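[1] missing the sequence, but the structure's below:
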């Protein structure tokens, strides 16, 4: 599956290199004056992931996916983003990230995940998918020759899927376990960015997005004790 | 949720640039989905190497 993605990325670079030097006036496109940008590349992240899947009646085990389930803490993925500057200070952007990790491991402690309890010594086979699609509108408070500063407002669309298969021998009887859960939701995002242009060809940027709210928690708070 | 990205780009040609970046992301959320009740604490960071076209 990786070969077509490498080929796609190579075609992307090849096509970009052969693009004509297109501008309205046939001149160099200065930073902050482009209409469309499309980016793609490789990402080599290190992960630290914990998850808890509650049972129908109680609380599940807090599971570290790297330590307890054997998922790799490193991964190489391809990612992409696109931006449309439809006015000098206004842009729409979309990014795409997809992380898929799977692993096999032996349970070193009893794990309750959803309505299944995996005993110590159970053979575990895990797959965890995490997808992020941030979509944002960006407004530039300042778009000058040497720098651009602004804010963004949009949504992060998350999709998560966790599946764990297990097998174990209990009192000379073989037992199989299986749990699969998923969740998805948009989460609002607020962001700030600062781009600085050292020269027309060389720039640096710091972008940040933040949001603090238990958006997916809809469980009502317990009633106060009279 | 927090997402921070520090990057630098160099435009080799008018329409093609190359860049490197560092990205740190953290999501810590309680879930009350119909399928998944519980929580997720998801954190990653690492380098990116990429190409950009513009027009």
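    Looks like it arrived, so ask away. As the structure is a prediction and not an experimental result, all values here were calculated from the model.

[2] CA only for contacts and neighbour counts going forward, please
    Fine.

[3] The residue located most distally from the centre of chain B and residue A:182, how far apart?
    Farthest-out residue of chain B from its mean C-alpha position, per C-alpha atoms, centre = their mean: residue B:34, at 28.0 Å. Here the distance between residue B:34 and residue A:182 works out to 9 Å (C-alpha to C-alpha, to the nearest Å).

[4] Doesn't the residue farthest from the centre of chain B lie inside a helix?
    No. Read with DSSP: H, G, I helix; E, B strand; the rest coil, residue B:34 is coil and lies in no helix.

[5] For the residue most central in space within chain A, name its beta-bridge partners.
    With distances taken as C-alpha atoms, centre = their mean, residue A:132 lies nearest the centre of chain A, 3.9 Å away. For residue A:132, the beta-bridge partners under DSSP bridges are residue A:97, residue A:158.

[6] same check, this time on the one 10 residues further on
    Here residue A:142 sits in beta bridges with residue A:149, as judged by DSSP bridges.

[7] Tell me if I'm right that it and residue A:151 touch.
    No. Look at residue A:142 against residue A:151 with C-alpha atoms under 8 Å: they stay out of range, at 10.2 Å.

[8] Same drill for the two, tell me which one is more crowded.
    residue A:151 (18 against 12; other C-alpha atoms under 10 Å in any protein chain shown).

[9] quick one: that one and chain B, what's the gap?
    14 Å (C-alpha to the nearest C-alpha, to the nearest Å).

[10] Not counting residues beside it along the chain, what's closest to that residue?
    Leaving aside its chain neighbours, residue A:151 sits nearest to residue A:192 (4.3 Å; criterion: C-alpha to C-alpha, 6 or more residues apart in numbering or on different chains).

[11] Pretty sure the one you found sits against residue A:208.
    Yes. Between residue A:192 and residue A:208 there is a contact under C-alpha under 8 Å: 5.5 Å.

[12] quick one: the helices in chain B?
    Using DSSP state H, no helices are assigned anywhere in chain B.

[13] typo on my end, chain A
    So, for chain A - with DSSP H - the helices run A:2-17.

[14] Show the residue spans covered by the strands in it.
    For chain A, the strands defined by DSSP state E cover A:36-43, A:46-53, A:63-64, A:77-87, A:90-106, A:111-113, A:116-118, A:123-143, A:147-170, A:173-199, A:202-210.

[15] go on, chain B?
    With DSSP E, the ranges of strands along chain B come out as B:2-11, B:16-32, B:37-54.

[16] Need the nearest residue in space to the most centrally placed residue in chain B, chain neighbours excluded.
    Per C-alpha atoms, centre = their mean, the C-alpha nearest to the average position across chain B is that of residue B:23, at 5.1 Å. Excluding the flanking residues, the one nearest residue B:23 by C-alpha to C-alpha, 6+ apart is residue B:5, at 4.4 Å.

[17] Quick one, grab the pLDDT at residue A:173.
    Per-residue pLDDT puts residue A:173 at 81.

[18] Equivalent analysis for residue A:158, please.
    Predicted confidence (pLDDT) for residue A:158: 89.

[19] For chain B, see how far away it is.
    Residue A:158 is 10 Å from chain B, by C-alpha to the nearest C-alpha.

[20] For that residue, give its distance to residue A:65.
    On the measure of C-alpha to C-alpha, residue A:158 and residue A:65 end up 18 Å apart.

[21] More neighbours: those two, which one.
    Neighbours were counted for residue A:158 and for residue A:65 using other C-alpha under 10 Å; residue A:65 has more, 22 against 17.

[22] what residues are up against residue A:76?
    Residues near residue A:76 by C-alpha atoms under 8 Å, 6 or more residues apart in numbering or on different chains: A:42, A:43, A:44, A:45.
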